[in-house]
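J.: Structure here, sequence nowhere to be found:
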């Protein structure tokens, strides 16, 4: 079957047709469907035909669900004007044409008249329909962005609450504590009963809130400069702690990130990754399987998700083992991964068939070498 659309003059042409009998079917909005059957075409023959279209009835010019609306418009034409949306089928099989109609009766049916006369006024709604579709698409995009934001907020909340490092979120202007994680509450309580920190003043936590080092650190953080670790004492005999302060913005508000630690375990100003850092807490609690290896592919440490994926009893069973033990082609895939990481620095979405017919997407990267060591471990997952 072949289809053509007429040009501006209402003409169409089919070229290079095979010899045989053809049926010509013509459709147009507002007209009856025309069908010419058994049109014979011989070899080398050019056939030119003229077709006359007949105006269709109401039921033939609208979609099935719009017929009742048309009947209602014609029936109520003598009354107050009413607007109803009616859909016309598209000749090309595309989207229906939405038209908003209102009818006005200009002459009633009487003697010698089969029916009265009615005028229908229509307004094309295709532009409005296109705007509505764009609005729906924009709403769906906003909803997807909202759920991505909620997921990111959930991950942040989990990381904030599970961290073993004492962290406070403080308003930079008023120094009012907005949030405090459980580690901060435990550090300030110092073995006593639970203490509510949110809503209180940051300076009230310290024995000498007006000391020059603490005030200098707050001023440096407010001006977006990195502050050195300040050593001070907590109030109520809570002991001496190290305080590190940095600033960030959220919802056009300036906030302070305050990290507290007992002296000897205070966080460095550069936020280096330590055993108690938030980064390692995230790695350990991540739902993704994460494993750190050396440059030869032997496992140094792995999180709980990897232990569960590998069906091991503990992390000690994986430590020191070659990673290719859990890859599909032993010795081949791990070599490709490590070689690519050495050349490019990272690899993403490397699919591997694991044992027991499992398939896994692997993301692998190699951090920059540490200043105190000759090489850095590779971290595939």
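T.: Received the coordinates, thanks. Note that this is a predicted model, so its numbers are computed, not measured. Residues are numbered from 1 along each chain as shown.

J.: Give me the buried stretch members for the lengthiest helix in the chain, please.
T.: In the chain, with assignment by DSSP state H, the single longest helix is helix 126-162. Using 16 or more other CB atoms under 10 Å as the test for burial, helix 126-162 gives 159, 160. The C-beta positions use only the backbone N, C-alpha and C, and glycine is treated the same way.

J.: What are the phi and psi values at the residue nearest to residue 233 when sequence neighbours are not counted?
T.: Spatial nearest neighbour of residue 233, excluding adjacent residues (CB to CB, 6 or more residues apart in numbering): residue 207 at 4.2 Å. Dihedral angles of residue 207 (phi, psi; degrees, to the nearest 10) stand at phi -70, psi -40.

J.: how close does residue 164 sit to residue 300?
T.: As judged by CB to CB, to the nearest Å, residue 164 and residue 300 stand 21 Å apart.

J.: Over to residue 25?
T.: Taking CB to CB as the criterion, residue 25 is separated from residue 300 by 73 Å.

J.: quick one, which of these two is more surrounded?
T.: residue 300 (14 against 11; other CB atoms under 10 Å).

J.: Would you agree that one falls within a strand?
T.: Yes: residue state for residue 300 (DSSP: H, G, I helix; E, B strand; the rest coil) corresponds to a strand.

J.: Do a quick rundown of the helices in the protein.
T.: Counting by DSSP H, the helices of the chain are 58-61, 67-75, 126-162, 182-189, 212-222, 278-285, 304-309, 333-344.

J.: For the shortest one, what does the pLDDT average out to?
T.: Confidence over helix 58-61, taken as the mean pLDDT, stands at 66.

J.: next one: the second one
T.: If you average the pLDDT over helix 67-75, you get 85.

J.: and if you look at the fourth one?
T.: Model confidence over helix 182-189, given as mean pLDDT, is 87.

J.: hmm, who's touching that helix?
T.: 161, 163-168, 194-195, 197, 205, 234, 238, 241, 260-262 (CB atoms under 8 Å, 6 or more residues apart in numbering).

J.: switch the cut-off to 7 Å
T.: By CB atoms under 7 Å, 6 or more residues apart in numbering, the list of residues contacting helix 182-189 from outside reads 161, 163-168, 194-195, 197, 205, 234, 238, 260.

J.: hmm, which of those are the buried ones?
T.: When neighbours are counted using 16+ other CB under 10 Å, these contain these buried positions: 163, 165, 166, 167, 168, 195, 197, 205, 234, 238, 260.

J.: which residues touch the fourth one?
T.: Under the criterion of CB under 7 Å, 6+ apart, the contact partners of residue 167 comprise 160, 181, 184, 257, 259.

J.: how about a cut-off of 6 Å?
T.: Residues counted as contacts of residue 167 (CB atoms under 6 Å, 6 or more residues apart in numbering) are 181, 184, 259.

J.: Quick check: the gap between the residue nearest to it when sequence neighbours are not counted and residue 250.
T.: Nearest residue to residue 167 in three dimensions, chain neighbours excluded: residue 181, at 5.0 Å (CB to CB, 6+ apart). The span separating residue 181 from residue 250 equals 17 Å under the rule CB to CB.

J.: And for residue 43?
T.: Counting by CB to CB, the gap between residue 43 and residue 250 amounts to 79 Å.

J.: Please apply the same query to residue 306.
T.: On the measure of CB to CB, residue 306 and residue 250 end up 33 Å apart.

J.: if you count what's nearby, which of these two comes out ahead?
T.: residue 306 (23 against 9).

J.: thought that one was touching residue 288?
T.: No: taking CB atoms under 6 Å as the definition, residue 306 is not a contact partner of residue 288, at 8.7 Å.

J.: Give me the common contacts of those two.
T.: Taking CB under 6 Å, 6+ apart as the criterion, residue 306 and residue 288 do not both touch any residue.

J.: Any stretches of this protein with poor pLDDT?
T.: By pLDDT under 70, the weakly predicted segments of the chain are 29-30, 55-60, 91-93, 109-115, 191-195, 224-227, 264-278, 328-333, 347-381.

J.: Show me how it divides into domains.
T.: In the domain annotation for the chain, the residue ranges read 1-56, 58-124, 163-270, 286-380 (automatic domain parsing).

J.: how distant is the second one from the center of its chain?
T.: What it means is domain 58-124. For domain 58-124, the distance from its own C-alpha centre to the chain's C-alpha centre is 44 Å (CA atoms, centre = their mean, to the nearest Å).

J.: do the same with the longest one
T.: Between the mean C-alpha point of domain 163-270 and the mean C-alpha point of its chain there is a distance of 35 Å (CA atoms, centre = their mean).

J.: And the first one, by the same measure?
T.: Average the C-alpha atoms of domain 1-56, do the same for its chain, and the two points are 49 Å apart (CA atoms, centre = their mean).

J.: just so I know, which of the helices of the chain lies nearest residue 85?
T.: Distances from residue 85 to each of these were compared using CB to CB; the minimum, 7.4 Å, belongs to helix 67-75.

J.: What is the closest one packed up against?
T.: Secondary-structure packing of helix 67-75 (3 or more CB pairs under 6 Å, 6 or more residues apart in numbering; DSSP states H and E): strand 84-88.

J.: could you list every residue that touches residue 256?
T.: Contacts were defined as CB under 6 Å, 6+ apart; by that measure residue 256 touches 170, 172, 221, 245, 247.

J.: Most neighbours among these, which one is it?
T.: residue 245 (25 neighbours).

J.: bridging residues for that one?
T.: Beta bridges link residue 245 to residue 258 when assigned by DSSP bridges.

J.: from what I can see it touches residue 221, true?
T.: Yes: in this structure residue 245 lies within contact range of residue 221 using CB under 6 Å: 4.1 Å.

J.: May I have the phi/psi pair for residue 321?
T.: In this entry, residue 321 is assigned phi and psi values of phi -80, psi 150 (degrees, to the nearest 10).
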